[in-house]
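Engineer: What follows is a predicted structure for the sequence shown.
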Amino acid sequence: MAQEYKLILKHADEPGYTPDIECYLRHGGYDALKKALAIQPKDLADGKKLSGPEQIRQDVMTSGLRGRGGAGFSCGLKWSFVDRKSGKPIYLICNADESEPGTFKDRQIMHKDPHQLIEGMIISCFANDVKLAYIYIRGEMPEGAKILNRAIKEAREKNFLGKNILGTGYDLEIYVHRGAGAYICGEETGLIESLEGKRPYPRIKPPYFPAVLGLWMCPT
């Protein structure tokens, strides 16, 4: 019989594990963020330097990290599509709408280990020069929204969020946005339309690829 190896829910299913920040810190929480923020520029052979965020993007591409959706899309490849030359702000959205009936893979993380989600978002935001991020959560998940808002508050109190995170000069805010229960909001462009306060009609692709023209027509 194959042995199950838990990665995402490694600690969450342990007896006595709670979703508060102190428990998360005792289990090594936010150590990865501290490591990411401390990465120094790397000298290249041509005399140029590779910044910390660029090194993180390179590592994620090399790692083969993939999304948890059915397509298993490459995270590094998705990041590589982001338009970094537009001069517009870059946004990050966590799609926690999970509108497929009987699906609870995202809810498990939000309820049991919300700080793992938040830490991952902060590292992703730092790697992509994002200053504002959103968690779009299904309206029928009031408890999940409550847990996430509490976790964000705890992270801000520890200076993992907000102004000048851990003295690095990096600023980031994350907000929870509750949807209204529309099934189509699981589709990324429909979700973006909803987040902008519109009806969640999916956009035509091309040209509206979120990494180029996403939230408020900015790279997302």
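Structural biologist: Structure received. Residues are numbered from 1 along each chain as shown.
Engineer: residues contacting the nearest residue to residue 75 once chain neighbours are set aside?
Structural biologist: Of all residues not flanking residue 75 in the chain, residue 65 sits nearest, at 4.4 Å (CB to CB, 6 or more residues apart in numbering). In short, each C-beta sits where N, CA and C put it, glycine included. Taking CB atoms under 8 Å, 6 or more residues apart in numbering, we find residue 65 in contact with 74, 75, 76.
Engineer: can you give me the strands in the protein?
Structural biologist: Along the chain, counting by DSSP state E, strands occupy 42-43, 49-50, 90-96, 130-137, 173-178.
Engineer: Residue 21 is nearest to which of those strands?
Structural biologist: Judged by CB to CB, the one of these that comes nearest to residue 21 is strand 173-178, at 14.1 Å.
Engineer: Return the distance of that closest one from the chain's centre.
Structural biologist: Centroid separation between strand 173-178 and its chain, computed with CA atoms, centre = their mean, to the nearest Å, is 11 Å.
Engineer: With stretch 57-70 instead?
Structural biologist: 13 Å.
Engineer: do stretch 89-103 as well
Structural biologist: Distance, stretch centre to chain centre, for stretch 89-103: 10 Å (CA atoms, centre = their mean).
Engineer: Verify the contact between residue 107 and residue 141 for me.
Structural biologist: Yes. Taking contacts as CB atoms under 8 Å, residue 107 lies within contact range of residue 141: 6.5 Å.
Engineer: Need the contact partners of stretch 35-51.
Structural biologist: By CB under 8 Å, 6+ apart, stretch 35-51 touches 52, 55, 56, 58, 123, 126, 127, 165, 166, 168, 170.
Engineer: top of those residues by neighbour count?
Structural biologist: Counting neighbours by other CB atoms under 10 Å, the top entry in the contacts of stretch 35-51 is residue 127, with 23 neighbours.
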